[in-house]
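K.L.:
Generate coordinates for the sequence data below:
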Amino acid sequence: MSVTYVIKEGFSGFRRTRLASITSVTALVIAVLLVGLFARFGYNAFHVVQSLKQSIEVEVFLLDVDDDRKNRIASELQSYEQVTEITYISKEEAGTIFMEEFGTEGESLADLNFLPASFRLYLSPDATADDIRLMVVEIERFQGVDDVVFNQQLLEILEERLEMFVIVGVGIGLFILFTAVVLVFNTIRLTIYAKRNIIRTMKLVGATNGFVRRPFLFEGLLQGILAAVIAIGLHWLLFQLIIPYFIPQFGILVWPLDRWYYLTGAMAALALIMGLWGSRWATRKFISQTTIS
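P.N.:
Residues are numbered from 1 along each chain as shown. Predicted coordinates:
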């Protein structure tokens, strides 16, 4: 089959159902653009949550123990994979920290030397609230440990918000993608209907369904290409010019995996796949039904 014929007929079908084609391209643009926006914001939200999780500390307060017991506790704490760093805070250092936080009003209390020594644990960003909770339960049973404190509520809220964002984003994205594919399907269906007499004639002279189908597949691919170019251009305008102008803080949003071409490549591939999928769906359903009469 001539490639020129496929391209010519593909553009012809695009022009023949211009309004429907513009509608489906617009839907593809919106779908791909929204997926790109969710990916960009989601990636940055994930990194913010990971940074906040790194700031959450576990404080292990000790009873009056000797150096040997203290070293044993430190060794056991370092064995946990959730722990990335351990800092020992002596009673004197605890008093200094207390006075820095409460000022001169805390000096009389700090002189009583009532503050316990402790280990401050810095956690891996991959550690979940359940992992830390189980670790805390085990640490509380250590000989020489008085109490273990960490901001469990903050960690659980961060995880819940991130999970909700992912679920809502994926749900909305899938719905919009499906809607866009349906519109491509409908556009190709209208094109097939408009050319039904030509298709019958082609079948009369021996054209196969595959031969008839290729120009329509190219039309779907063409819609995907147009949608990809427009969506990527709008994404760049939004994040490079429009959003930073109105909300300067958003100018620091990074690209997923720190490279622009990963996301833009994924957006282009998604648009092409959706265009081909919608056109393939329509051609398989309707071309075979266009019978010779």
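K.L.:
Every contact and neighbour count from this point should use C-alpha atoms.
P.N.:
Fine.
K.L.:
now stretch 27-40, how far from the chain's geometric center?
P.N.:
12 Å (C-alpha atoms, centre = their mean, to the nearest Å).
K.L.:
right, I mislabeled it, should have said stretch 221-237
P.N.:
For stretch 221-237, the distance to the chain centre is 20 Å (C-alpha atoms, centre = their mean).
K.L.:
low-confidence ranges in the stretch 151-293 of the chain?
P.N.:
By pLDDT under 70, the low-scoring segments of the stretch 151-293 of the chain are 152-153, 249-251, 288-293.
K.L.:
what about stretch 63-82, average pLDDT?
P.N.:
Per-residue pLDDT over stretch 63-82 has a mean of 88.
K.L.:
Tell me which stretches of the chain form helices.
P.N.:
3-16, 18-55, 67-78, 91-102, 107-110, 129-140, 152-194, 196-204, 209-237, 243-246, 260-286 (DSSP state H).
K.L.:
Of those, which is nearest residue 253?
P.N.:
Nearest to residue 253 among the helices of the chain is helix 18-55 (6.5 Å), distances taken as C-alpha to C-alpha.
K.L.:
list the contacts for residue 202?
P.N.:
Taking C-alpha atoms under 8 Å, 6 or more residues apart in numbering as the criterion, residue 202 is in contact with residue 212.
K.L.:
Look up how far residue 122 lies from it.
P.N.:
72 Å (C-alpha to C-alpha, to the nearest Å).
K.L.:
For the stretch 1-150 of the chain, give me the ranges with low pLDDT.
P.N.:
Ranges of the stretch 1-150 of the chain meeting pLDDT under 70: 1-2, 54-55, 98, 100-114.
K.L.:
Counting neighbours, what do you get for residue 61?
P.N.:
20 (other C-alpha atoms under 10 Å).
K.L.:
do the same with residue 260
P.N.:
Neighbours of residue 260 using other C-alpha under 10 Å come to 12.
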